[in-house]
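J.: following is a predicted model, sequence given first.
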Amino acid sequence: MRRLINVERELRYVKEVISSLMDKQDQLLMENTALKLRVAECEKVSAINQKLKEEILEIKKQNGVLKTTCQNYESSLKSLQAKVQGAPPELKFYDAPVPTNVSPSQICYK
């Protein structure tokens, strides 16, 4: 009789353990599903970030080209200003003076 009671106790214990394990499995499956969704979202964000990095690099390249062009314009403007300032009075344009208070960078972006 004692043996039967012990077997019944063990059986109840095994059922409880199995039930607990199944609950834990369900919980882990839900967590896994949630994590898979987060991974998919992170991959989307990562792809967007990669595209943005590529666009930023392209903009930086274009900005470098524009800076060089602007510097060339500034150099040309300074050269022209020097020529105008050094020209004889009869060749100077008195009705349209060369602006001296305007920086070359303002001219490049208009």
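T.: Perfect, I can see it now.

J.: all contacts plus neighbour counts: C-alpha atoms, from now on.
T.: Noted.

J.: tell me what the host helix or strand of Leu52 is packed against?
T.: Element membership for Leu52 (DSSP states H and E) is helix 2-86. In terms of contact count using 3 or more Cα pairs under 8 Å, 6 or more residues apart in numbering; DSSP states H and E, helix 2-86 is assigned the packing partners helix 104-108.

J.: what mean pLDDT does the helix holding Leu52 get?
T.: In this model, helix 2-86 carries a mean pLDDT of 95.

J.: for stretch 61-77, buried residues please.
T.: Residues of stretch 61-77 classed as buried by neighbour count (16 or more other Cα atoms under 10 Å): 70, 73-74.

J.: how about the residues you listed in JSON lines, adding distance to Asp26?
T.: Below are the buried residues of stretch 61-77 laid out as JSON lines (distance: Cα to Cα, whole Å):
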{"residue": "Cys70", "distance to Asp26": "65"}
{"residue": "Tyr73", "distance to Asp26": "70"}
{"residue": "Glu74", "distance to Asp26": "70"}
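
J.: how much space between the residue lying farthest from the centre of the chain and Tyr13?
T.: Among the C-alpha atoms of the chain, the one most distant from their mean position (Cα atoms, centre = their mean) is that of Met1, at 73.9 Å. Using Cα to Cα, to the nearest Å, we find Met1 at a distance of 18 Å from Tyr13.
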